[in-house]
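Chemist: Sequence plus predicted model, see below.
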Amino acid sequence: MERIVVVGSGASGVHFALSCLLKGRAVTMLDVGFTGEPHPRPEDSLVGLKRNLADPVNYFLGPRYGSLALPGRHGEYYAFPPAKDHVFRPAGALQFQTNGFSPLSSFAAGGLAEVWTGGCYPFDDQDLRQFPFGWDQLETYYTRVAERIGISGTEDDLKSVLPLHGGLQPPLDADEHSAELLAAYARRRQHLNQRLGCLMGRARVAVLSRDLDGRKACGYSGRCLWGCPRQSLYTPAITLSRCRAFPNFQYLDGLYVDHFRISGSGKVRSVVVRRADGVMEEIAADALVLAAGTLGSAKIFLESLHRDSGQILSLSGLMDNRQILMPFVNLRMLGRKWNPDTYQYHQVAMAVRVRESGEMIHGLITTLKTALIHPLVQTLPFDLAGSLTAFRSVHAALGMININFPDYRRQENYVTLDTSSTPHRLAIHYQPDVSEPARLKQTIAAFRKVLWKLGCFAPRPMIHVRPMGASVHYAGTLPMSESGGAGSCTKHGASRDVDGLFFADGTTFPSLPAKNLTFTLMANATRIAEEAF
Amino acid sequence: MGRQMDRLERECITYAAYLSGTPPTPYLVEKYLDFHQKLGETARPREKARTDAFDSFLVEVAARGALWTRLADSYARIFRPNSLLRKKLILVLALLECSPPSFERLDRVPAGGFAGAVLRLIAASVRFLAALIVGAALFGPVRLWMARRWNAS
């Protein structure tokens, strides 16, 4: 039987692998596969953890205080929790040389989506206009993934920009602040729709509101940020576990894929991996599927072609969603009590058509409850004790919109191989479009207007434009097309440069709408597996 | 070493009282010391010794009592936002919010609803402005004097 070798266990890799396994194919997955500690006291709520853990500071801030946000940490309002340290543990061999881009990469079992906040936003025909297929060809796969992972959500005003697919579970219980925002939207819906181009509704999230395949429905323990002990909040490690139950699945962890080898006839022959002890090993492959994330896959591809022919190629078109964090205060919620036993990530989503740019910009609203407060308190314009008093009074009223901007493939944004050091580094060059400053300004103004209409105030000094690379929505270096040349792939992810080589991750996206791409990564990987293998 | 531990313990007790109104638990003090033991040097700003001396002065003064902490913190909020004192105060805040029983106090919403919240925001602003004026009058000249002395030496 032909053996399919998949590199990477992230969102794309596991759904590609599972789809192949369900078709009876044999799959070998190569992965570094770092894992974290088991969740402590799974029966406790977040408040219970703070009360009952023997060393709560160790759990919440980390043994070396890595989640402590001291002043001067570039305006980020969240630090990754210590329980997720393994997600960003470096493997050493993948190094970057960057210009205008702050890349994140992961070698965890489950990949970067182990810290995914679960937002599932399908691409519509408008989003897919540069893809070699449309919504009607992708809908089936969105539904299939939704049925696998469990997505809660409902039909509301957002359906015109977030098309409905099958497999949706009922929405989660909204917390008081989210319900208040939705009520304010309902009261001013006409004005918001017609004058401000704003649509609002429930966020669709990969969180169970009903039990599914042995996973429990959300228990509203407030522990989402630190890792869900009930597995209600989906991560790819759940699908990886499911793959591992198949007899024709082989999971080889502790392996860093360095490059692949090409036969004389131009076909992939084998994969060369570095074991944890530094020893190199060669693994035969009939078909090689790169799903190591856009940057990881690009590095393997560039390294392999360099070793084969001595060429140093550039892959242009790197994309990422620029993000803005916009904290706000909901004036109606001032002085109210708040409940920590609620779902913690986005419960409300919005789409705003910015009049000047014509762009449809998406925002995800988090009502801040159990996140650590010291990163935010220190930004308030008082002494720390005064800031804390103020914060306690406004805690229930605080929210944050995570605004996503679209990106397009441009020649000036590219990755290439830097051979001046050993091991070779992936050189990343990114320059925002010249129109970006104006677009950001217009969008910030549009969102602040919408918030004001909803009874909320967003203080301008607290708005934070995140650096490129921070969203980790990387895509576009070897795009799918109906008829492209070298440096592209077919609609089924097959490389036009090397036979037997496929891409199943964000590498293949020809454009990047203003939406979290993870759900589409999973649907597209499933589509490639089902249609091409 | 013992003297340094005493100094750190005094800082922790004062800063915790300033932020939460109550003295810290032995666990919290232990974690404060643990942080300095593990990361003491990285808690210091990477600046020249001149500014280090003034930052150390602010830390020392702030550890004398909650009132001094407020004055030094108000000054630092505007004129030295990344100073050692701010870092130490934020460390104590992070420890308070992660450990019992202080986290429950920090999570509690003060009574009074909307009107109470607005009044508290106004009070916090007034208190901060007053402390900032006094703090600037006290610490501004000291900073200038220390800078001049440094330049002269």
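Modeler: On my side now, so go ahead.
Chemist: So, low pLDDT: which residues of chain A?
Modeler: Along chain A, segments meeting pLDDT under 70 span A:1, A:73-75.
Chemist: which residues touch residue A:276?
Modeler: residue A:254 (CB atoms under 8 Å, 6 or more residues apart in numbering or on different chains). Every residue, glycine included, has its C-beta placed from N, CA and C.
Chemist: where does it sit relative to residue A:10, distance-wise?
Modeler: Distance from residue A:276 to residue A:10, counting by CB to CB, to the nearest Å: 20 Å.
Chemist: what comes into contact with stretch A:38-50?
Modeler: Counting by CB under 8 Å, 6+ apart, A:52-53, A:56, A:59-60, A:83, A:221-223, A:226-230, A:340-341, A:370, B:98-100, B:103-104, B:107 sit against stretch A:38-50.
Chemist: Ends of it, what's the gap?
Modeler: From its first residue to its last, stretch A:38-50 covers 17 Å (CA to CA, to the nearest Å).
Chemist: which residues touch residue A:403?
Modeler: A:323, A:324, A:325, A:326, A:361, A:362, A:363, A:443, A:447.
Chemist: likewise residue A:464?
Modeler: Per CB under 8 Å, 6+ apart, neighbours of residue A:464: A:75, A:76, A:77, A:324, A:325, A:326.
Chemist: That one pairs with what?
Modeler: residue A:325 (DSSP bridges).
Chemist: tell me the secondary structure for residue A:256?
Modeler: What DSSP: H, G, I helix; E, B strand; the rest coil gives for residue A:256 is strand.
Chemist: What is the neighbour count of it?
Modeler: Neighbourhood size, residue A:256 [other CB atoms under 10 Å in any protein chain shown]: 22.
Chemist: correct me, but it touches residue A:95?
Modeler: No. Residue A:256 is beyond contact range of residue A:95, at 11.9 Å (criterion: CB atoms under 8 Å).
Chemist: What is the neighbour count of residue A:23?
Modeler: Residue A:23: 10 neighbours (other CB under 10 Å).
Chemist: rewinding a little: which of the contacts of residue A:403 are buried?
Modeler: Buried by 16 or more other CB atoms under 10 Å in any protein chain shown: A:323, A:324, A:325, A:326, A:361, A:362, A:363, A:443, A:447, out of the contacts of residue A:403.
Chemist: and which of the residues you listed is nearest chain B?
Modeler: Each of those was checked against chain B using CB to the nearest CB; the closest is residue A:325, at 19.1 Å.
Chemist: Would you confirm that residue B:98 contacts residue A:55?
Modeler: No. At 9.8 Å, residue B:98 does not count as touching residue A:55 under the criterion of CB under 8 Å.
Chemist: And these two? Which one has more around it.
Modeler: The neighbour count for residue B:98 versus residue A:55, taken as other CB under 10 Å, is higher for residue B:98 (26 against 13).
Chemist: How about that one: what's its closest non-neighbour residue?
Modeler: residue A:60 (4.2 Å; CB to CB, 6 or more residues apart in numbering or on different chains).
Chemist: Now name the helix or strand holding the one you found.
Modeler: In the assignment (DSSP states H and E), residue A:60 maps to helix A:56-61.
Chemist: Buried ones in stretch A:430-441, by neighbour count?
Modeler: Buried, per 16+ other CB under 10 Å, within stretch A:430-441: A:430, A:432, A:439, A:440.
Chemist: same for chain B: which of these are within range?
Modeler: Applying CB under 8 Å from any CB of the partner chain to those, one finds that nothing falls near chain B.
Chemist: and of those, the nearest to chain B?
Modeler: Scanning those for proximity to chain B, where the rule is CB to the nearest CB, the winner is residue A:440, at 24.6 Å.
Chemist: ok, now how distant is that closest one from residue A:409?
Modeler: From residue A:440 to residue A:409 the distance is 20 Å (CB to CB).
Chemist: Give the full set of residues in contact with residue B:95.
Modeler: Residue B:95 neighbours (CB under 8 Å, 6+ apart): A:57, A:61, B:24, B:28, B:31, B:32.
Chemist: Just the element for the residue nearest to residue A:144 when sequence neighbours are not counted, please.
Modeler: Distances taken as CB to CB, 6+ apart place residue A:526 nearest to residue A:144, at 5.7 Å, with adjacent residues excluded. Following DSSP H and E, one finds residue A:526 within helix A:518-532.
Chemist: how about the CA coordinates for that helix, as PDB?
Modeler: The C-alpha trace of helix A:518-532 is given here as PDB (Å, rounded to 0.1, in the frame of the first residue of the first chain):
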ATOM      1  CA  THR A 518      -8.000  27.900  11.100                       C
ATOM      2  CA  PHE A 519     -11.400  26.500  10.300                       C
ATOM      3  CA  THR A 520     -10.700  26.900   6.500                       C
ATOM      4  CA  LEU A 521      -7.300  25.300   7.000                       C
ATOM      5  CA  MET A 522      -9.000  22.200   8.400                       C
ATOM      6  CA  ALA A 523     -11.700  22.200   5.700                       C
ATOM      7  CA  ASN A 524      -9.200  22.600   2.900                       C
ATOM      8  CA  ALA A 525      -6.900  19.900   4.200                       C
ATOM      9  CA  THR A 526      -9.900  17.600   4.400                       C
ATOM     10  CA  ARG A 527     -10.900  18.600   0.800                       C
ATOM     11  CA  ILE A 528      -7.400  17.800  -0.500                       C
ATOM     12  CA  ALA A 529      -7.300  14.400   1.300                       C
ATOM     13  CA  GLU A 530     -10.700  13.400   0.000                       C
ATOM     14  CA  GLU A 531     -10.400  14.600  -3.500                       C
ATOM     15  CA  ALA A 532      -6.700  13.900  -4.300                       C
END
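Chemist: buried stuff in that helix?
Modeler: A:518-530, A:532.
Chemist: Stretch A:311-323 too?
Modeler: Under the neighbour-count criterion of 16+ other CB under 10 Å, stretch A:311-323 has A:313, A:315, A:316, A:317, A:318, A:319, A:320, A:321, A:322, A:323 buried.
Chemist: and the last one, what does it touch?
Modeler: Contacts here follow CB under 8 Å, 6+ apart; on that basis residue A:323 touches A:402, A:403, A:404, A:405, A:465, A:466, A:470, A:471.
Chemist: Just the closest of these to residue A:352, please.
Modeler: residue A:403 (8.6 Å; CB to CB).
Chemist: so which helix or strand takes in the closest one?
Modeler: strand A:398-404.
Chemist: Would you list the strands that that strand pairs with, along with their directions?
Modeler: Sheet pairing for strand A:398-404, using DSSP bridges, gives strand A:323-330 (antiparallel), strand A:360-367 (antiparallel).
Chemist: These: which one's closest to residue A:389?
Modeler: strand A:323-330 (15.0 Å).
Chemist: Buried ones in stretch A:325-342, by neighbour count?
Modeler: A:325-336, A:338, A:340-342.
Chemist: which of the residues you listed lies closest to residue A:480?
Modeler: residue A:325 (31.4 Å).
Chemist: who touches that closest one in this structure?
Modeler: A:75, A:76, A:77, A:400, A:401, A:402, A:403, A:463, A:464, A:466.
Chemist: ok, now how distant is it from residue A:447?
Modeler: Taking CB to CB, one finds residue A:325 at 11 Å from residue A:447.
Chemist: any residues in contact with both of the two?
Modeler: With CB under 8 Å, 6+ apart as the test, residue A:325 and residue A:447 both reach A:401, A:403.
Chemist: returning to what we had before: can you put the buried ones among the contacts of residue A:403 in CSV and add distance to residue A:21?
Modeler: Output for the buried ones among the contacts of residue A:403, formatted as CSV (distance: CB to CB, whole Å):
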residue, distance to residue A:21
A:323, 35
A:324, 40
A:325, 39
A:326, 42
A:361, 38
A:362, 33
A:363, 37
A:443, 43
A:447, 43
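Chemist: Can I get the buried residues of stretch A:311-323 in TSV including distance to residue A:349?
Modeler: Output for those, formatted as TSV (distance: CB to CB, whole Å):
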residue	distance to residue A:349
A:313	39
A:315	32
A:316	32
A:317	28
A:318	26
A:319	21
A:320	20
A:321	15
A:322	18
A:323	14
